[in-house]
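**Student:** Build me a model:
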Amino acid sequence: MHIAIIPTMEMDRCLDLVYFISQCSVKPDKVFILNNSGKEYTNDLSPYGVNVVNFEENIGVNAAWNVGLEFARIQSSHLSILNDDILIKEDFFKRINLLLSIRSLLDVPIFCPSTTHDKALFDRTEVSCYPSRTHYMRRKEGWAFTIRDRFAKTIRPIPKELFIFCGDDWIWNETVKYGTKWVKDERNIIYHTVGATLKNNPKLRALLKHEKRIFHAYGKSKPRKI
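**Tutor:** You can find the predicted model right below:
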């Protein structure tokens, strides 16, 4: 099984991504938008294959990621965590599913696509008919990654003190300290608008240094071995 979640504080921001998901040749079994805006979203997105989970208040990006991790644990599912400010190609999930099935990659915990911040380049890049071209990653990328089901079960929840930052750092540490490595598919191209939400919210930007200190304090404790 495969679940995808899209945490957002602005529902309108992620509607483009919803459309792109609806155009994918292969889709997850379930797609959830985790609405952190504090306002109930009542428009029906089920024709696009998307369900909206409304929260009464902004629980934070990392708490929303924890909700996704809990979904994955309960349903023994692979989990894709997608930012609301990305766009994907129609073969995005098809390529992820292919990597998840390759025997030589069964010990890889997390897969990432290749990112461009150039919308014109994304638009003119055609869907590749070539096999995936992968390499191990030296650092995390937290805007569009897929966690293999057995790793999703064992990742400890992101601490509640981390409201919006360092969730991807937490998951990176939970998966790589014992020798596992993330893998990137250079032919799975996505577009990412860097910091679109933070750019417009100085209060959230102000949390960055504070939450980095909290993360580094937690980082002294070792994750469980998988």
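**Student:** What helix or strand is the most centrally placed residue in the chain located in?
**Tutor:** Closest residue to the average C-alpha location of the chain: I81 at 2.1 Å, with CA atoms, centre = their mean. Assigning secondary structure by DSSP states H and E places I81 in strand 78-82.
**Student:** Okay, strands next: where are they in the chain?
**Tutor:** For the chain, the strands defined by DSSP state E occupy 2-8, 30-35, 51-54, 78-82, 86-88, 110-116, 134-136, 144-147, 183-192.
**Student:** Give me the buried positions along the third one.
**Tutor:** This means strand 51-54. Residues V52 are the ones in strand 51-54 that count as buried (16 or more other CB atoms under 10 Å). Heads up, the C-betas are built off the backbone N, CA and C, glycines and all.
**Student:** And it, what does it pack against?
**Tutor:** Secondary-structure packing of strand 51-54 (3 or more CB pairs under 8 Å, 6 or more residues apart in numbering; DSSP states H and E): strand 30-35.
**Student:** Could I get the buried residue list for the strand it packs on?
**Tutor:** For strand 30-35, the neighbour count (16+ other CB under 10 Å) marks 30-35 as buried.
**Student:** what mean pLDDT does that strand have?
**Tutor:** Taken as a whole, strand 30-35 has an average pLDDT of 98.
**Student:** The longest helix along the chain to strand 2-8, inter-axis angle?
**Tutor:** Across the chain, the longest stretch assigned as helix under DSSP state H is helix 61-75. For helix 61-75 against strand 2-8, the angle by axes from the mean of the first three to the mean of the last three CA atoms, to 10 degrees is 160 degrees.
**Student:** before we move on, back to that, my guess is the residue nearest to the centre of the chain contacts F145, does it?
**Tutor:** Yes. Judged on CB atoms under 8 Å, I81 makes contact with F145 at a distance of 6.0 Å.
**Student:** Now list whatever residues contact both of these two.
**Tutor:** Counting by CB atoms under 8 Å, 6 or more residues apart in numbering, no residue touches both I81 and F145.
**Student:** and the residue nearest to D16 when sequence neighbours are not counted, what are its bridge partners?
**Tutor:** The shortest distance from D16 to any non-neighbouring residue, by CB to CB, 6 or more residues apart in numbering, is to L87 (6.3 Å). Taking DSSP bridges, one obtains Y191 as the residues bridged to L87.
**Student:** show me what contacts L87?
**Tutor:** 16-17, 20, 122, 190-191.
**Student:** how far away is it from K39?
**Tutor:** Separation of L87 from K39 (CB to CB, to the nearest Å) stands at 24 Å.
**Student:** I86: how many residues sit nearby?
**Tutor:** Using other CB atoms under 10 Å, the number of residues around I86 comes to 22.
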